[in-house]
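>>> What would the 3D arrangement of this be:
(chains A and B)
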Amino acid sequence: MTQGLKSRAALEYVAWLAVAAFFYGFSFSFAGAGNDETLGPAVWPRVFCFVLLIVATLHLARGMDEEEAIEDAGPAVLPSLKLFVMPILFVFLIPRIGFYPATLLFLLGQLLVLGERRPVVLATATIGIAAAIFLVFTTLFFVAVPLGTWPGFNEMNGRFVTLLR
Amino acid sequence: MENFIAGTTFLFTDPTALMLFVAGLLGGMLFGCIPGINLLTLGAVILPFTAAMSPEHAIMLYSVIYCSGVFGGAITAILFNIPGSPENAPTAFDGFPMTRKGEAGRAIGAAVLCSALGGMASAVVMMMATPLVAGWAVRNFGPPEIFGLICVGLAVSASVGARTLWAGLLSICLGVLIGTIGSAPVDGTARYAFGSYYLLAGINFIPVVLGLFAVAEVFSQGARALSGNTETRRVEVNFPSFAEFWALKFAVIRSAIIGFFAGILPGIGATLAAFLSYGEAVRSNRGRKEFGKGEIEGVVASETANNAATGAAMIPLLALGLPGGALTAMMLGVFQIHGMEPGPLIFITSSDLVWIVFAAMFFANVAIFGLGYIQTRIVVHLLRVPFHLLAPAILLIATIGAYALRNLTVDIWVMYIAGLAGFLLRRTGYSVAGVVLGLILGSLGENSLSKTLQLTRGELDRWLEHPIAIGLIALAIVTLAANILSEVRRPSAKREA
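Sure, this is the predicted structure:
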């Protein structure tokens, strides 16, 4: 347990070093330069990179000193990552097949990921939530959503919007 | 007083005014509680239609939307960890943990009461002291003082919601660094944009907030559900008792004062008012209360301040023609549409309009008491919906909220990336609230420091001309030093053993 916590503290430290290195390193590529009377574009991020570096070191020292597990560490991270699959697919599909069909696929997929297996619930929840969202945002608030770029989808979604409004 | 009565009479005897008052009230509450589709969206949508209204009706409508919209966002912040508007983000810090403890009703009850009280107090002060207060605040609070105020905010927020002070400071640094992406405030130099027009405009605050709060929360609960550790939320609509509320009277007064002064300052507005007030609540209760874990004072501080800021924001707008935020800027647009110029003369040339607005804002806050109670009793039952059915709907609403902001798919990507980051940060004891605070305060801080350097021409001794700023910076240093000392002295688990 202790070794695991120390490894995690070291891993976190490396991650913070990477963040600081990224922001500090790329601050040299800024075109503008300040003078005594103005704050140069690189000053503010560099100051906070230094602060981050110092605090991360203190945080590491504290982490190396801990022997107790952090309360409520929760379930393991890796199995939880499957929750992100459907949202990523959803965002990928939205500009391609349009918001409406992508929403139906997302709802069905996310319900399955979250453990719903009953076909009737899957169908009613998918259609019910989608209908409510489409009605509120398209019919009432006129939110313009992507209609898709893949052949056929733009036309189909356009007709659907006309139908809704 | 007779001006106020005249304004009230107009409001309740003119059918059009009354209809617009009710429409603004309901519309603001509705738009306020839907992420992405906030009161600014409503304000923008109706702006063209105000040309057909009388100036009294148009300005009154906007003032009512402002009051009710700022309150509306608290509901979803408390129930689902989805702040309806940026000014409700600190409400979620403690409001949502209260919901998880089965105290959603208490949290929303506190939000209803405090929003109404903060708003009414602010409206009363606004009526009594507009010219006086506006003159003082605008004369004495320039960029150096705002920079000092932000230093205090950053120092205080380090201890919000993180496992240790170091984790809190790291979260803030991350937020500040994310806030530097885009154009530099002084000369517009591109920073970390890598040739992308999207990044050049900076990372938008709304998708980040939606990701860190709503998406991360859905994923956290989803992860628990996947591991078989399901959480059943108790649904209660128990408003805080009078005794409990009375015990928080100083918190309400303090938050109303903070909200009021933050609201007066142009460019600060209700969002920073809520964050500063929350930070002050944390600072003044250090060691006695556990903020971030369901402390009712956290909700009280945030909601009192953001509504107190709404009335105060009208002061510089009406008295000096200076808008304090986006919605007041729209109001300025309404004035211009009608060929009017807000400023000190408006109290002489359009006294009727001013007092109709004052009366409308006062009664809008009174109405929040009743309507907020009804809304709570209805909305709180959403918690009875099983999580696996609610989660996709929340993600979907957040997705539309992020997209509708600028009609850019990249904002949805930002939201989900922030969601993943928030999920990991929370699991490792960092503070998502700290990241958000860093993001907001960092950009404002850099901006005000840049202006201060130009103002003082880089000469350090010219800071002495700003004693309020020096006092605030000193307070920030003392707060941070006290926090660090307390952290260093805190025995670790190992030493305790």
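>>> Return the mean pLDDT over whichever strand or helix holds residue B:105, rounded to an integer.
Secondary-structure element containing residue B:105, defined by DSSP states H and E: helix B:104-140. The average pLDDT for helix B:104-140 rounds to 78.
>>> elements contacting it?
Applying 3 or more CB pairs under 8 Å, 6 or more residues apart in numbering or on different chains; DSSP states H and E, we find helix B:104-140 packed against helix B:55-80, helix B:89-100, helix B:249-264, helix B:296-315, helix B:351-379. C-beta: built from backbone N, CA, C; applies to glycine.
>>> which element follows the last one toward the C-terminus?
What that stands for is helix B:351-379. Defined by DSSP H and E, the subsequent element after helix B:351-379 is helix B:387-406.
>>> do that following helix and chain A meet?
Yes: judged by CB under 8 Å from any CB of the partner chain, helix B:387-406 comes into contact with chain A at B:387-389, B:391-393, B:395-397, B:399-400, B:403-404.
>>> Most neighbours among the residues you listed, please name it.
residue B:399 (31 neighbours; other CB atoms under 10 Å in any protein chain shown).
>>> quick one: contacts for residue B:434?
Residues in contact with residue B:434 (CB atoms under 8 Å, 6 or more residues apart in numbering or on different chains) are B:157, B:158, B:160, B:161, B:162, B:168, B:169, B:170, B:171, B:172, B:174, B:175.
>>> between those, which is nearest chain A?
residue B:169 (4.5 Å; CB to the nearest CB).
>>> Is it correct that that closest one is in contact with residue B:158?
Yes: judged on CB atoms under 8 Å, residue B:169 makes contact with residue B:158 at a distance of 4.9 Å.
>>> Name the residues of stretch B:285-296 that are buried.
For stretch B:285-296, a neighbour-count test (16 or more other CB atoms under 10 Å in any protein chain shown) marks B:285, B:289, B:291, B:292, B:294, B:295, B:296 as buried.
>>> Turn those into TSV, including pLDDT, secondary structure and distance to residue A:107.
TSV is the format used below for the buried residues of stretch B:285-296 (pLDDT from 0 to 100; DSSP: H, G, I helix; E, B strand; the rest coil; distance: CB to CB, whole Å):
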residue	pLDDT	secondary structure	distance to residue A:107
B:285	78	coil	43
B:289	72	coil	40
B:291	79	coil	36
B:292	78	coil	32
B:294	83	coil	31
B:295	87	coil	36
B:296	88	helix	35
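>>> export those residues to CSV and tack on distance to chain A?
Below are the buried residues of stretch B:285-296 laid out as CSV (distance: CB to the nearest CB, whole Å):
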residue, distance to chain A
B:285, 21
B:289, 18
B:291, 16
B:292, 13
B:294, 14
B:295, 17
B:296, 21
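>>> State the pair within those that is farthest apart.
Across the buried residues of stretch B:285-296, the longest distance by CB to CB is 13.9 Å; it joins B:285 and B:294.
>>> Among the residues of helix B:387-406 next to chain A, which one lies nearest to residue B:203?
Of the residues of helix B:387-406 next to chain A, the one sitting nearest to residue B:203 (CB to CB) turns out to be residue B:403, at 15.4 Å.
>>> which residues touch that closest one?
Residue B:403 neighbours (CB under 8 Å, 6+ apart): A:94, A:143, A:145, A:146, B:36, B:409, B:411, B:412.
>>> wait, what's in contact with the residue lying closest to residue B:140 once chain neighbours are set aside?
Distances taken as CB to CB, 6 or more residues apart in numbering or on different chains place residue B:468 nearest to residue B:140, at 6.3 Å, with adjacent residues excluded. By CB under 8 Å, 6+ apart, the contact list for residue B:468 reads B:140, B:141, B:145, B:148.
>>> How many neighbouring residues does residue 124 have?
Let's take chain A. 12.
>>> was after chain B, sorry
For residue B:124, the tally of surrounding residues (other CB under 10 Å) stands at 15.
>>> Disregarding flanking residues, what is the spatial nearest neighbour of it?
Nearest non-adjacent residue to residue B:124 (CB to CB, 6+ apart): residue B:362, at 7.2 Å.
>>> ok, the one you found to chain A distance?
29 Å (CB to the nearest CB, to the nearest Å).
>>> you'd agree that residue is up against residue B:116?
No: Residue B:362 is beyond contact range of residue B:116, at 10.5 Å (criterion: CB under 8 Å).
>>> Which stretches in chain A count as helices?
A:2-26, A:43-65, A:77-80, A:85-97, A:99-113, A:119-134, A:153-164 (DSSP state H).
>>> Could you do the stretch 151-300 of chain B as well?
Secondary structure of the stretch 151-300 of chain B (DSSP state H, counting those that start in this stretch): helices located at B:165-179, B:197-200, B:205-209, B:216-226, B:242-247, B:249-264, B:269-284, B:296-315.
>>> Residue A:16 reaches residue A:49, doesn't it?
No: counting by CB under 8 Å, residue A:16 stays clear of residue A:49, with 10.3 Å between them.
>>> Which one's more surrounded, these two?
Ranked by neighbour count (other CB under 10 Å), residue A:16 and residue A:49 place residue A:49 first, with 23 against 20.
>>> Give me the phi and psi for residue B:292.
phi 90, psi -10 (degrees, to the nearest 10).
>>> Surely it and residue B:94 touch.
Yes: when contacts are counted by CB under 8 Å, residue B:292 is listed as touching residue B:94 (6.4 Å).
>>> what residues do those two have in common as contacts?
residue B:298.
>>> that older thread, local confidence estimate at the residue nearest to residue B:124?
88.
>>> Repeat that for residue A:160.
At residue A:160, pLDDT is 91.
>>> what's around it, how many residues?
When neighbours are counted by other CB under 10 Å, residue A:160 comes out with 17.
>>> The nearest residue to it once chain neighbours are set aside and residue A:156, how far apart?
Leaving aside its chain neighbours, residue A:160 sits nearest to residue A:100 (5.6 Å; criterion: CB to CB, 6+ apart). Taking CB to CB, to the nearest Å as the criterion, residue A:100 is separated from residue A:156 by 8 Å.
>>> Who has more neighbours out of these two?
Per other CB under 10 Å, whichever of residue A:100 and residue A:156 has more neighbours is residue A:100, with 22 against 14.
>>> isn't the more buried one right next to residue A:134, touching?
Yes: Residue A:100 is within contact range of residue A:134, at 6.8 Å (criterion: CB under 8 Å).
>>> about what we covered before: secondary structure element holding the residue nearest to residue B:140?
Going by DSSP H and E, residue B:468 is in helix B:467-489.
>>> List the buried residues for that helix?
So for helix B:467-489, counting by 16+ other CB under 10 Å, buried means B:469, B:472, B:473, B:475, B:476, B:479, B:480, B:483, B:484, B:487.
>>> Give me the neighbour count for the residue nearest to residue B:262 when sequence neighbours are not counted.
Excluding its sequence neighbours, the residue lying closest to residue B:262 (CB to CB, 6+ apart) is residue B:273, at 3.6 Å. With neighbours defined by other CB under 10 Å, the count for residue B:273 comes to 35.
>>> list the contacts for residue B:273?
Contacts of residue B:273 (CB under 8 Å, 6+ apart): B:87, B:258, B:259, B:262, B:263, B:305, B:306, B:308, B:309.
>>> go with 10 Å
Contact analysis of residue B:273 by CB atoms under 10 Å, 6 or more residues apart in numbering or on different chains lists B:70, B:87, B:90, B:118, B:255-256, B:258-265, B:302, B:304-310, B:312-313, B:324.
>>> cool, residue A:106 as well?
So residue A:106 contacts A:86-87, A:89-91, A:93-94, A:99, A:126, A:130, B:392, B:395-396, B:399 (CB under 10 Å, 6+ apart).
>>> For chain A, which helix or strand comes out least confident on mean pLDDT?
The helix or strand of chain A with the poorest confidence is helix A:77-80; it has a mean of 68 (mean pLDDT, DSSP states H and E).
>>> hang on, the earlier thing: got any residues that touch both of residue B:169 and residue B:158?
A:55, B:431, B:434, B:438, B:480, B:483, B:484, B:487.
>>> List the residues that contact the second one.
This means residue B:431. B:93, B:157-163, B:167-172, B:174-175, B:212, B:292, B:425, B:437-438.
>>> now do the fourth one
Neighbour list for residue B:438: A:48, B:154, B:157-158, B:168-179, B:431, B:445 [criterion: CB under 10 Å, 6+ apart].
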